[in-house]
Every structure is written in C-alpha cells, then in structure tokens.
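**Q** Everything below, folded, please.
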Amino acid sequence: MARSDRSPTGKAQREPYVPERARQLLMTLWVVVALGGWLLVWGVWLLFAGAAVGLVVMLVLLPAIAMLTLAGWSRGVLHEGDASARVAVPVTATVTTVAGLLLSSRVTGVLLLLVGILLLLLALLPGRDDDHAPPAGR
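**A** Numbering: from 1, shown residues only. Below is the predicted model of the structure:
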C-alpha cells in the first residue's frame with residue numbers, strides 16, 4: 001500500500017530541516033540580512049543624493065525591505081524548528097534572486113544573485129542527512 005504524505009485535512013506534511021542544514025541556512029540568511037541592510041543604507045543615500053525617487057524606491061528600497069522581512073521570518077521559523085521553514089527559506093531566496101536581477105548591472109546585484117541562488121539550492125536540494133535510502137548493492 002502506498003504511503004501518503006498528506007494529513008487528514010489534505011495539506012502536505014513537511015518535516016523541519018535537519019539541524020546541520022538549518023545551521024547552514026541560518027548562516028546564509030545572515031548574509032541576506034547584511035546585503036538587505038546595505039541596500040537599505042544605499043537606497044537612503046541615493047534619495048539624499050537626489051536620485052529619482054520612484055526608481056530608488058522600486059529598485060532598491062522595496063526589495064531591501066522585503067529581503068529583511070522575509071529573512072527575519074525565515075530565521076525565526078528555523079530557530080523554532082518549524083516545518084514552515086521549508087516554505088519561508090525558498091521564498092526568501094526567490095526574493096533575493098529577483099532583487100539581484102533588478103540590480104544586475106551593479107556588483108551588489110551580482111552578490112544578491114549569487115546568495116539567492118545559493119540559498120535556494122541549500123533550501124531545496126537534499127543533503128546527505130536527508131537521504132535515508134540504503135546504499136545500492138547491499
């Protein structure tokens with residue numbers, strides 16, 4: 001009989017990240033927080049320097065606030081060991097990657113792209129501890 005990964009309410013059951021993977025994700029989320037803080041400072045500096053307000057808000061400040069908010073949420077659910085981290089971390093990675101695409105002509109944008117893709121890979125790819133299948137040939 002096939003095992004179902006669904007609860008009686010119909011929602012998919014998720015397991016929290018293993019502690020080693022959660023530690024890696026937390027370290028990478030600190031980098032997202034640092035880059036989001038840098039974007040926030042840079043955006044405010046651009047506003048005071050007289051740059052176009054609409055462009056700065058849309059391309060720098062909104063992505064920075066979204067990254068900081070989502071990284072804080074992700075860190076919180078990872079610390080709690082909650083299974084919702086399996087959703088929170090990929091969402092944070094996606095927003096970080098999109099922010100990197102928006103600023104891809106700058107070094108900061110390339111850094112955001114790299115960190116976003118790294119975070120997405122860490123969040124979605126199974127680790128050595130996640131693989132419970134016995135080795136082939138034994």
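
**Q** Where does pLDDT dip in this structure?
**A** For the chain, residues meeting the criterion pLDDT under 70 lie at 1-13, 128-138.

**Q** do that again at 90, thanks
**A** For the chain, the stretches with pLDDT under 90 are 1-16, 126-138.

**Q** just the helices in it please.
**A** According to DSSP state H, the chain carries its helices in the segments 19-49, 53-56, 62-80, 85-102, 107-124.

**Q** These into JSON lines, with extra columns for mean neighbour count?
**A** Backbone N, C-alpha and C define where each C-beta goes, glycine included. Shown next, in JSON lines, are the helices of the chain (neighbours: other Cβ atoms under 10 Å):
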{"stretch": "helix 19-49", "mean neighbour count": "16"}
{"stretch": "helix 53-56", "mean neighbour count": "12"}
{"stretch": "helix 62-80", "mean neighbour count": "19"}
{"stretch": "helix 85-102", "mean neighbour count": "21"}
{"stretch": "helix 107-124", "mean neighbour count": "18"}
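
**Q** Look up the closest residue to residue 77, ignoring the ones flanking it.
**A** Excluding its sequence neighbours, the residue lying closest to residue 77 (Cβ to Cβ, 6 or more residues apart in numbering) is residue 85, at 4.4 Å.

**Q** my guess is the one you found meets residue 18, correct?
**A** No: when contacts are counted by Cβ atoms under 8 Å, residue 85 is not listed as touching residue 18 (11.3 Å).

**Q** what sits in contact with each of those two?
**A** Counting by Cβ atoms under 8 Å, 6 or more residues apart in numbering, residue 85 and residue 18 have no common neighbour.

**Q** quick one, what contacts the residue nearest to residue 113 when sequence neighbours are not counted?
**A** Nearest non-adjacent residue to residue 113, counting by Cβ to Cβ, 6+ apart: residue 100, 3.4 Å away. Residue 100 is in contact with 109, 110, 111, 112, 113, 114, 115, 116, counting by Cβ under 8 Å, 6+ apart.
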